[in-house]
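In: Sequence first, predicted coordinates after that:
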Amino acid sequence: MAIDAKRLRSIVGGSAGNLVEWYDWYAYSSLSLVFAATFFPKGDRTAQLLSTAAIFAVGFLMRPIGAWVMGRYADAQGRKAGLTLSVGLMCVGSLMIALVPGYATIGVAAPLILLIARMLQGLSVGGEYGASATYLSEMATRERRGFWSSFQYVTLIGGQLLALAVTLLLQYCLDKAEMAAFGWRIAFGLGAVLALVVYILRRRLAETASFENQPADRPKSSLVALWKAHPREFILVAIISAGGSLSFYAYTTYLQKFLANTTGFSVQTATEVMTAALVVYMLVQPLFGLAADRVGRKPMLLLFGFGGMIVTEPVFSALEITSDPVIAFAIILIPLMLLSAYTSISPLIKAELFPAHIRALGVAFPYAIGNAAFGGTAEYVALWFKQAGIESAFYWYVTAILGAATIAFLMLPETKRTSLILED
């Protein structure tokens with residue numbers, strides 16, 4: 001049950017890179033309230049947010065392509081190679097966003113360049129999820145895979161939390177005019193620098209035994225091979241990812257905008273509430289991972305599925321009429337604790353379903369399909385319902401998709417017993 005120093009260094013190193021990747025990804029969402037007018041100057045606030053949310057969604061649509069390209073790459077060249085390539089693309093995308101002039105300077109070229117940069121980031125994150133999930137799951141010991149693999153979401157949430165923290169710091173140091181003029185660019189510039197540092201660090205990571213122990217004549221990783229050999233697993237992972245991703249983005253990134261755009265809190269107060277909630281959410285991931293090591297994966301997944309279906313509508317409805325930030329914080333923790341039962345082991349259950357020669361692609365591509373279709377469009381759908389005057393329909397939309405995911409949870413094997421990760 002002990003973990004050796006080399007393996008621990010690899011898990012920590014891989015996790016640190018994951019944190020920077022997700023910081024760069026979430027900086028867009030965290031700061032979109034600030035820079036929306038820079039790229040989309042016309043229209044009311046909700047219309048501007050719809051435009052930035054649309055580009056946010058396009059970034060998600062690139063994730064299946066990134067998952068396909070880099071999933072195959074990580075299966076063929078190694079998990080370390082996939083991780084290194086993904087963070088390099090993220091560095092380029094963040095640097096482009098940091099430097100692109102606004103609409104007032106270069107007209108429609110500004111949102112076009114923003115779109116291209118976001119597409120690069122989508123490619124990066126599409127590859128990052130599968131490579132990182134595979135790497136951490138293969139590096140973890142058999143008896144503590146839930147615990148160690150939970151650090152993918154610790155660092156994923158940590159990246160989101162870092163983006164919110166940087167936003168808060170900039171808001172404290174700069175006034176609104178300075179923040180809108182150049183402050184938000186600092187956050188993206190920082191992300192580009194951190195990604196470059198991680199690129200250098202990831203080149204020094206150890207490779208996993210699962211990859212190195214494969215024979216030279218192993219079957220090639222491809223979408224055709226994945227579908228032919230694992231159609232059931234493919235479909236289940238896509239459905240699970242749809243419900244899990246939609247819930248994640250509804251309960252985290254969208255809630256920041258919801259608190260400002262619906263509840264009526266200031267942008268700064270909304271950011272503070274979400275930052276505090278995400279700290280707690282991040283810290284409990286390993287605890288839920290340990291619980292999954294003890295009781296199995298399915299009980300945790302079903303806790304999230306049925307619990308999320310019960311609380312989603314009441315939570316959003318309660319937040320609509322909440323005026324106290326402390327009460328809002330307490331309410332938000334309810335769905336986040338239930339979500340932890342899923343996110344702590346989400347990468348692991350997918351990795352345990354596939355053999356080593358096609359594992360990175362098997363984890364990445366069906367996840368990216370479900371994530372792009374439902375996670376990436378979460379904010380846009382929510383804002384569309386709001387603009388149409390039926391905001392509460394979004395709460396039931398989340399509940400319905402989560403219900404489909406819960407059916408998929410019931411159909412999964414207990415991967416704690418049937419894991420295809422053979423090495424310990």
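Out: Thanks, I have the structure now. Everything numeric here is computed off the predicted structure, so don't read it as measured data. Numbering: from 1, shown residues only.

In: Gly376 is in contact with Leu246, correct?
Out: No: using Cβ atoms under 8 Å, Leu246 is not in contact with Gly376, being 9.4 Å away. Using the backbone N, CA and C atoms, a C-beta is placed for each residue, glycine as well.

In: Let me see the contact set for the residue most central in space within the chain.
Out: Nearest to the geometric centre of the chain sits Leu156, at 6.2 Å (Cα atoms, centre = their mean). If you count contacts by Cβ atoms under 8 Å, 6 or more residues apart in numbering, Leu156 has them with 18-19, 22, 343.

In: so where's this protein uncertain?
Out: Residue ranges of the chain with pLDDT under 70: 1-3, 41-50, 56, 424.

In: could you pull out the strands for the stretch 151-300 of the chain?
Out: Assigned by DSSP state E, counting those that start in this stretch, the stretch 151-300 of the chain shows no strands.

In: hang on, the earlier thing: most neighbours, which of the contacts of Leu156?
Out: Asn18 (29 neighbours; other Cβ atoms under 10 Å).

In: these two touch, right, that one and Leu162?
Out: No: under the criterion of Cβ under 8 Å, Asn18 makes no contact with Leu162, lying 11.7 Å away.

In: which residues of the stretch 301-424 of the chain fall in strands?
Out: Under DSSP E, counting those that start in this stretch, the stretch 301-424 of the chain gives no strands.

In: Quick one: neighbours of Ser245, just the number.
Out: Around Ser245 there are 25 residues (other Cβ under 10 Å).

In: right, I mislabeled it, should have said Asp324
Out: Counted with other Cβ under 10 Å, Asp324 comes out at 10.

In: now it: how far from Thr269?
Out: For Asp324, the distance to Thr269 (Cβ to Cβ, to the nearest Å) stands at 11 Å.

In: now swap in Thr343 and tell me
Out: 26 Å.

In: how near is the residue nearest to Ser392 when sequence neighbours are not counted to Val398?
Out: Distance criterion Cβ to Cβ, 6 or more residues apart in numbering; nearest residue to Ser392, sequence neighbours excluded, is Ser317 at 7.0 Å. Per Cβ to Cβ, Ser317 is found 12 Å from Val398.

In: likewise Thr406?
Out: Thr406 is 12 Å from Val398, by Cβ to Cβ.

In: what do you get for Lys298?
Out: Using Cβ to Cβ, one gets 22 Å for the distance from Lys298 to Val398.

In: What of Ser94?
Out: 29 Å.

In: Those two: which is more packed in?
Out: Ranked by neighbour count (other Cβ under 10 Å), Ser94 and Val398 place Ser94 first, with 30 against 27.

In: quick one: what helix or strand has the more buried one in it?
Out: helix 79-99 (DSSP states H and E).

In: Centre of the chain to that helix, how far?
Out: Mean-position distance between helix 79-99 and its chain equals 16 Å (Cα atoms, centre = their mean, to the nearest Å).
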